[in-house]
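**Q** Predicted model and sequence follow; I will ask about them next.
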Amino acid sequence: RLTENFAAQNMEAWVDWEDIPPSVDWMKQIEKGIEEADIFVFIVSPDSIRSSVCAEEVAHAIKNGKRIAPVVAREVDMKEAPATLTHLNWIFFSRPQDKFEEAFEKLLTAVRTDYGWVQTHAQLQVKALEWERNNHEDSFLLRGKELADAEAQLMVNGEKDPLPTELQRQ
């Protein structure tokens, strides 16, 4: 159901039961799928949190700096869940009060939002406003590594929401 809904949003979802050719090293294919993904959606269930293969997948996603969106398909005891997942805000699809459409909208928001960029954007804006409010005083300009990092962030994230402001670009 998730993959169908992603497809309806013109979003590609790589899933191991569909996208691994016969007779290939299936774990290498899963690792490749994780490496090429923008975000790793982990389906939480009693089976998945006990699975050593799923634990390897989560570890590989973490090793490769992937954002992880835990989606609860079936209720689990949080004490049994690995620490690599318990600190994240889970998206619930499984409880009686959960409506699939509402939960899917939350998942879409998680997929579409680069929260790291949102935080960086806010930090850059604060520094840009400080420079502006001090009449463009040179001592408030970014320099060295801080400037290089800011320029790299603007180049990499320049087309993402939130869009860089003109002041940030200055």
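**A** Perfect, I can see it now.

**Q** What residues of the longest helix along the chain count as buried?
**A** Identified as the longest helix of the chain according to DSSP state H is helix 115-133. Residues 117, 120-121, 124, 127-128, 131 are the ones in helix 115-133 that count as buried (16 or more other C-beta atoms under 10 Å). For every residue, glycine as well, the C-beta is placed using N, CA and C.

**Q** how many other residues sit next to N135?
**A** 7 (other C-beta atoms under 10 Å).

**Q** Which helix or which strand is home to it?
**A** Per DSSP states H and E: N135 is located in neither a helix nor a strand.

**Q** measure the most far-flung residue of the chain relative to its centre to K127 for me?
**A** In terms of distance from the mean C-alpha position of the chain, N135 ranks first, at 37.4 Å (C-alpha atoms, centre = their mean). Look at N135 and K127: by C-beta to C-beta, to the nearest Å, they are 15 Å apart.

**Q** now the helices for this structure?
**A** Under the criterion DSSP H, the chain carries helices at the ranges 2-8, 16-19, 26-36, 46-50, 52-63, 83-86, 100-112, 115-133, 144-157, 166-169.

**Q** Show me what the last one is packed against.
**A** Yep, that's helix 166-169 we're talking about. Applying 3 or more C-beta pairs under 8 Å, 6 or more residues apart in numbering; DSSP states H and E, we find helix 166-169 packed against helix 115-133.

**Q** same check, this time on the second one
**A** Where contact means 3+ C-beta pairs under 8 Å, 6+ apart, helix 16-19 is packed against helix 26-36.

**Q** buried set for the helix it packs on?
**A** Counting neighbours by 16+ other C-beta under 10 Å, the buried set in helix 26-36 is 30-31, 33-34.

**Q** low-confidence ranges in this protein?
**A** By pLDDT under 70, the chain has no low-scoring segment.

**Q** Next, name the residue at the spatial heart of it.
**A** Note: the chain centre (C-alpha atoms, centre = their mean) maps to R67, 3.2 Å.
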